[in-house]
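Colleague: how does the following fold in three dimensions:
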Amino acid sequence: MDLISTYANGVSELTKFSRSADKAPLIVDVIVNPHAGFFKRRKTLERQVLELEHKLTDLRSRYPGRRVEINTIHFTERPGHAHQIADAILAKEARERRGIEHLVVGCGGDGTANEICRAFVMADDALLDRVKLLRLPLGTGNDVADARTFDEAYDLILGDQRTVRTGAVAVTVADGRVHWAFNIASVGFDAYIADLTNRFKRLIPGEAYKALVNIGTLFYGQVVHPQPMDIHLFNGRLETEVKGMVPSMVIVGASGHRTYGGHMPVLPGDENVCIVDGMSIMRKISQKKLFYLGTHGELPEVSFHSADRVDIDYRNRIPLQLDGEIVWLEANDFPLSLRVVRAKIKVLRR
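Modeller: Numbers count the residues shown, from 1 in each chain. Next comes the predicted model:
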């Protein structure tokens, strides 16, 4: 935990050099998931701590007069805790109405980022005007992160902190419960792979779990028993209907130009929906490379669409993927509605 604390404190201190001395202080909250994939790779962590310390030493010597910011570091202790911490941070900000810009830094993977964003997406618009978010790439996939590399992330902190607003996908099941994705939500084969990956990764160190995942995919049909699915896509007043398909997967992004599974460009263009018709296991394996290249659109089984809502009716058990986290849906969870929520969360961007 000492190295993790050192890294978290380094990130927190780095924010002190993000403002010119004549500006009001920036309130900073750093939310750290000590179980994130990055923190388990000790040599990588040691190297990053050393590089961050070198950067801080240089900044301290060049900018000795910087005023101290209001910084707090929070460590998560259990699943769901990042959401509770973020919710408390936003509630305090709303209650005290300090009127000072506020930066929340998420130190974790896509799951931690999802928890934090779930608190943000429910916050008042006026509150989110003065609170911004930076999600560091400290997990395994890091498709939700606002930077691909550590240097990019540090530059975002030290730069002028420009922001863009990012949206979400709200997934509503039949009884009204809502699940959230801030990158991609999907059902089917890819969600099954993500479930295998999550389970085996917890049990097997290093990269050895990938072999078991590859073997596990061969049993998708026996485990899931895919059935015909009715899909309705809505884009404004336009509606597209796909009835009776037995798809491999249905993928819905908060926008187009999205990656998942460790930067696989599954939504390579402006369209935010990808539907993959049923494919045999051997065909999936033989064509897998095209998905990693983002050229899977050339396959006859693949279609892309633009939609602000996708309704799915289905009558069997099937996995739902939400930014890498899995929920198994039962037949009584359908019909399912996946709705693109307008962009409201301010994130740092170059």
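Colleague: list the buried ones in the helix or strand harbouring Glu241?
Modeller: With elements taken from DSSP states H and E, the one containing Glu241 is strand 238-245. Within strand 238-245, the residues that qualify as buried by neighbour count (16 or more other Cβ atoms under 10 Å) are 240, 242. C-beta coordinates here come from the backbone N, C-alpha and C atoms, glycine included.
Colleague: who does that strand touch, helix- and strand-wise?
Modeller: With contacts defined as 3 or more Cβ pairs under 8 Å, 6 or more residues apart in numbering; DSSP states H and E, strand 238-245 has these neighbours: strand 229-235.
Colleague: and the strand it packs on, which strands flank it?
Modeller: Within its sheet, and counting by DSSP bridges, strand 229-235 is paired with strand 238-245 (antiparallel), strand 309-313 (antiparallel).
Colleague: weakest of these in terms of mean pLDDT?
Modeller: Ranked by mean pLDDT, these bottom out at strand 238-245, with a mean of 88.
Colleague: who's in contact with the next helix or strand after it?
Modeller: From strand 238-245 onward toward the C-terminus, using DSSP H and E, the following helix or strand is strand 249-253. Residues from elsewhere that reach strand 249-253 (Cβ atoms under 8 Å, 6 or more residues apart in numbering): 169, 181, 183-191, 229, 231, 266-267, 272-276, 307, 310, 312, 338, 340.
Colleague: what strands line up against strand 249-253, and which way round?
Modeller: Here, using DSSP bridges, strand 249-253 pairs with strand 184-188 (antiparallel), strand 273-276 (antiparallel).
Colleague: the residue lying closest to Val173 once chain neighbours are set aside and Arg177, how far apart?
Modeller: Take Val173 and drop its neighbours on the chain: the residue closest to it by Cβ to Cβ, 6 or more residues apart in numbering is Asp333, 4.2 Å away. Distance, Asp333 to Arg177, by Cβ to Cβ, to the nearest Å: 8 Å.
Colleague: compare neighbour counts for the two and give me the winner.
Modeller: More crowded of Asp333 and Arg177, by other Cβ atoms under 10 Å: Asp333, with 20 against 10.
Colleague: that one and Ala168, how far apart?
Modeller: Where Ala168 is concerned, Asp333 sits at a distance of 19 Å (Cβ to Cβ).
Colleague: one step back: got the contact list for the residue nearest to Val173?
Modeller: 173-175.
Colleague: same check, this time on Asp124
Modeller: Taking Cβ under 8 Å, 6+ apart as the criterion, Asp124 is in contact with Ala94.
Colleague: likewise Ile345?
Modeller: If you count contacts by Cβ under 8 Å, 6+ apart, Ile345 has them with 117, 120-121, 128, 133, 165-168, 182.
Colleague: now, these that are in helices?
Modeller: Residues of the contacts of Ile345 located in helices (DSSP state H): 117, 120-121, 128.
Colleague: closest to Arg237 out of these?
Modeller: Taking Cβ to Cβ as the measure, Arg237 lies nearest Val121 of the ones in helices among the contacts of Ile345, at 25.8 Å.
Colleague: the closest one against Trp180, yeah?
Modeller: Yes: in this structure, Val121 is within contact of Trp180 by Cβ atoms under 8 Å, at 6.5 Å.
Colleague: any residues in contact with both of the two?
Modeller: Between them, Val121 and Trp180 share the neighbouring residues Ala168, with contact defined by Cβ under 8 Å, 6+ apart.
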